[in-house]
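> Below: sequence and its predicted model.
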Amino acid sequence: MSKQSNLTVKGQVTIPKDVRDALGLKPGEPVEFDWNDAGEAVIRRPVRDRAAEIEAYKTRVREVSRRFAHLREGRPTDEIMRDIRGDDPFPP
């Protein structure tokens, strides 16, 4: 299958929607370009290292958890909400 797109003055190319869908490309994801001496280019989604992505995600979760740990301690939520709303959250 072949598709055509135009190159902008900034060197950008829009990948046609059906090609993006077929490759499973999402906005913001990396795209890999390979080419040969014959002037042919191949666009593909890079192979992802799922194990590394999961570990990086776990690391971020641990960092955020440590950063906000102090918020888990202290007064109960009901007490905080009472202070915000007043003594009776549902006045007559």
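That came through, no problem.
> Give the rounded mean pLDDT of the host helix or strand of residue 53.
If you go by DSSP states H and E, residue 53 is part of helix 50-67. Taken as a whole, helix 50-67 has a mean pLDDT of 91.
> Find out how far it is from the centre of the chain, if you would.
In terms of CA atoms, centre = their mean, to the nearest Å, the centre of helix 50-67 is found 14 Å from the chain centre.
> likewise stretch 8-21?
Relative to its parent chain, stretch 8-21 has a centroid offset of 20 Å by CA atoms, centre = their mean.
> Check stretch 29-39 too.
24 Å.
> what comes into contact with it?
Stretch 29-39 is contacted from outside by 15, 25, 41, 42, 43, 44, 45, 46, using CB atoms under 8 Å, 6 or more residues apart in numbering. For every residue, glycine as well, the C-beta is placed using N, CA and C.
> Quick one: end-to-end length of it, please.
Length of stretch 29-39, first residue to last, CA to CA, to the nearest Å: 25 Å.
> cool, and stretch 1-13?
From its first residue to its last, stretch 1-13 covers 18 Å (CA to CA).
> Let me see the mean pLDDT of that stretch.
Rounded mean pLDDT across stretch 1-13 is 90.
> quick check, distance from that stretch to the centre of its chain.
Offset of stretch 1-13 from its chain centre (CA atoms, centre = their mean): 25 Å.
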